[in-house]
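Undergrad: My questions concern the predicted model and sequence given below.
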Amino acid sequence: MEQVVSHCLNCGDYPLDRWMVARRIDLDDEVALLHSPEPPYTAVSEPLVHIRYYLQSLESEGMLEPSAAADVLADLKGRWYGERTLPTLVTLLQPYLSEADHARAMQLIADFRRFRLKSHDLVAFIEGRTWAAAS
C-alpha cells in the first residue's frame, strides 16, 4: 500500500503536485482550510493554494502587479489559515486594483470554484485512476 500511495503522490500530473515538487509551495500551509464541524463540512476559509492561483490569474490578465500579488500573499500567509477568506482577500486587494479591475476581480471571485485546485486535482486523480498504474 505504501508503494501505491508514494506513486500516487509523486505522479507529477497535477498542478499541486508540480508546485510541491518545484518547491513553490509548502504543502501543509498551502492546503489547510477551516470547515464547519457538521456535515456537509462546508469550507469557511480558502486554502492558500487556491488564493495563489487566483492571484496568478489576476496577474496574467494584467490587473495586478506581481509585487502587489506578493504583498497580498505574504499578508495571508502570515495569518491563521481560518482567516484566509474571500472577504479578507477582497479587502486586501482593494488598494491595488483600479475600479475596472476591481469589478473584473469580483467577477472572478463570484465563480471561485475554477480556482479550487484541490478539487480539480482530486477529480483528475479519480478519473485518471492513477493508483491502478501503481499495482
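TA: That came through fine.

Undergrad: residues in contact with Arg79?
TA: Each residue near Arg79 by C-beta atoms under 8 Å, 6 or more residues apart in numbering is listed here: Thr88. Every C-beta, even on glycine, is put in place using the N, C-alpha and C of the backbone.

Undergrad: Then Ala43?
TA: By C-beta under 8 Å, 6+ apart, Ala43 lies in contact with 33-35.

Undergrad: Show me what it is bridged to.
TA: Under DSSP bridges, the beta-bridge partners of Ala43 are His35.

Undergrad: Contacts for stretch 101-113, please.
TA: By C-beta under 8 Å, 6+ apart, stretch 101-113 touches 46, 50, 54, 57-58, 61, 63-64, 86, 89-90, 93-94, 97, 114-115, 119.

Undergrad: and if you look at stretch 51-62?
TA: Residues contacting stretch 51-62 (C-beta under 8 Å, 6+ apart): 15, 25, 30, 64-66, 69, 72-73, 76, 84, 89, 93, 101, 104-105, 108-109, 112, 115, 117.

Undergrad: show me where this protein has helices.
TA: Ranges of helices in the chain, per DSSP state H, are 2-9, 15-21, 27-31, 48-60, 66-77, 86-93, 99-110, 117-128, 130-134.

Undergrad: Determine which of those helices shows the lowest mean per-residue pLDDT.
TA: Here the lowest mean pLDDT among those goes to helix 2-9, at a mean of 40.

Undergrad: quick revisit: name only those of the contacts of stretch 101-113 that count as buried.
TA: Neighbour-count burial (16 or more other C-beta atoms under 10 Å) applied to the contacts of stretch 101-113 gives 46, 50, 54, 57-58, 63-64, 89, 93, 97, 115.

Undergrad: Of the contacts of Ala43, grab the buried ones for PyMOL.
TA: A single PyMOL command selects the buried members of the contacts of Ala43 (16+ other C-beta under 10 Å):
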select buried, resi 33+34
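
Undergrad: any chance of the contacts of Ala43 in a markdown table, plus distance to Tyr41 and pLDDT?
TA: Converted to a markdown table, these look like this (distance: C-beta to C-beta, whole Å; pLDDT from 0 to 100):
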| residue | distance to Tyr41 | pLDDT |
| --- | --- | --- |
| Leu33 | 10 | 84 |
| Leu34 | 10 | 89 |
| His35 | 5 | 89 |
